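Asks: Let me see the structure of the following:
(4 chains)
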Protein chains: 2
Amino acid sequence: MTEIDGRAGKAARPKRADARRNERTLLDAAAAVFVTSGVEAPVRDIAAEAGVGTGTIYRHFPTRADLVVAVYRHQVEACAEAGPALLASSASPYAALGRWIDLFVDFLTTKHGLAAVMRSDKAGFEVLHAYFLDRLVPVCARLLDAAAEAGEVRPGTDAYGLMRGVGNLCIGADNDPRYDARRMVGLLIAGLLQPRST
Amino acid sequence: MTEIDGRAGKAARPKRADARRNERTLLDAAAAVFVTSGVEAPVRDIAAEAGVGTGTIYRHFPTRADLVVAVYRHQVEACAEAGPALLASSASPYAALGRWIDLFVDFLTTKHGLAAVMRSDKAGFEVLHAYFLDRLVPVCARLLDAAAEAGEVRPGTDAYGLMRGVGNLCIGADNDPRYDARRMVGLLIAGLLQPRST
DNA sequence: TGTCTAAGCGGAACGTCGTTCCTGTATGAT
DNA sequence: ATCATACAGGAACGACGTTCCGCTTAGACA
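Replies: Predicted coordinates for the structure are as follows:
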């Protein structure tokens, strides 16, 4: 495996201490600003919150999307790891799928505008998009396959589409009390069930 | 009712001929640019296509969203009017609902980025959002109520949420061949059906 | 401890966007 | 033909993401 901080290798030199400190500060500042102003908050605001210049942000994170990924990486990881666990502990694969999707919806709806930014094709957000999907689609596929093999859901649904659909349904879940994303996702998952007539 | 072009009243003076001509030109230019570059095309591009200055656009349409509304108004109108017709001609209310939703999905997915811009809370897009929903939600509610009274779908689903859900599912339907919005909407509508147990 | 090199920093600067504003022009009533 | 005024054009503004460059300073080596 590759060395974690470069101490083990001679080619990889460790980052300077102030750089490390700044990266941490930036992640914290970004997380704080995302909570108050949403994920689409201006880069300058994050820089101001962290007390650094905008250039510093771009030194550590090539683009805004990379910063977002870095901030939420461990939460995505946790969600991904919950998949197999739920499959093992739930009464049926379909129940596990439902609970796992709930977890994902929780994650998306508690971050202002995260869902909205995930589908965005704007400048370089493919990174974000790709990371989320690469990490979560396989987990979803596993659950989906299990439910299909158990005969609970109609076969032929691809996990990628389902994840995109659920993500889309969560867009605008905040800032519009009339729209209940969770209910809509519930309907979508219910629609997955094997229909009455063969 | 209010006079259509101001000729009937003396208080309302008719617009100048060149202004009328420019408004038409603008609508055509906008429609053309929306097809090639998507709904989020820069205002300057539309102005260039029409051969006018940017100021001229804002004279006729207070904001970008108003222009979008104007371009698609008659299509939205057609969709709205199709609702009652389908209800009358279909085998069941649920079938009518499904076909009407299909119409809506067709509309959204054939306009690049329209769905995406509909949920946007950015500067003044509430106009667009409001117009679409004000016009279509009642139609949807009518179909939904009919299907609920017929016992086909579970009660308690509100039309507003459903429309937002369908709209959201259509986001990014173009420019990503791996995502099939229509299938997802199909699942959502299937999830509306009365579940097996009471 | 002193020196020096390059990693790192801040923020000015650039290009793009939506929108506003001001000036000159051309319409159409008189 | 005259003229008030509705209108068009595009420069200008502020906000954004991103890039660039000159100064600062960490930290390896002597």
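Asks: how many neighbours does A:Gly51 have?
Replies: Using other C-beta atoms under 10 Å in any protein chain shown, A:Gly51 is surrounded by 11 other residues. Where you see a C-beta, it was placed from the backbone N, CA and C, and this is true even at glycine.
Asks: tell me the contacts of it?
Replies: By C-beta atoms under 8 Å, 6 or more residues apart in numbering or on different chains, A:Gly51 lies in contact with A:25, A:29.
Asks: What distance do you get for it to DNA strand D?
Replies: Using C-beta to the nearest atom of the strand, to the nearest Å, A:Gly51 is found at 14 Å from DNA strand D.
Asks: Distance of that residue relative to A:Asp28?
Replies: 11 Å (C-beta to C-beta, to the nearest Å).
Asks: Please name the nearest non-neighbouring residue to A:Leu162.
Replies: Sequence neighbours aside, A:Cys140 is the residue nearest to A:Leu162 in space, at 6.2 Å (criterion: C-beta to C-beta, 6 or more residues apart in numbering or on different chains).
Asks: just A:Ser37 next, same as before
Replies: Counting by C-beta to C-beta, 6+ apart, the residue nearest A:Ser37 is A:Asp45, at 6.4 Å.
Asks: helix or strand for that neighbour, which one?
Replies: Element membership for A:Asp45, per DSSP states H and E: helix A:43-50.
Asks: try A:Gly186
Replies: A:Gly186 belongs to helix A:181-191, assigned by DSSP H and E.
Asks: Return the angle between stretch directions for that helix and helix B:181-191.
Replies: Helix A:181-191 runs at 90 degrees relative to helix B:181-191, counting by axes from the mean of the first three to the mean of the last three C-alpha atoms, to 10 degrees.
Asks: And helix A:181-191, what does it pack against?
Replies: helix A:93-109, helix A:159-169, helix B:159-169, helix B:181-191 (3 or more C-beta pairs under 8 Å, 6 or more residues apart in numbering or on different chains; DSSP states H and E).
Asks: Which elements pack onto the longest one?
Replies: Based on contacts counted as 3+ C-beta pairs under 8 Å, 6+ apart, the elements that helix A:93-109 packs against are helix A:64-89, helix A:114-119, helix A:126-149, helix A:159-169, helix A:181-191.
Asks: That one: how far from the chain's middle?
Replies: 13 Å (C-alpha atoms, centre = their mean, to the nearest Å).
Asks: per-residue confidence averaged over that helix?
Replies: On average, the pLDDT along helix A:93-109 is 95.
Asks: And it, what's buried?
Replies: Of all the residues in helix A:93-109, those buried under the rule 16 or more other C-beta atoms under 10 Å in any protein chain shown are A:93-94, A:96-101, A:104-105, A:107-109.
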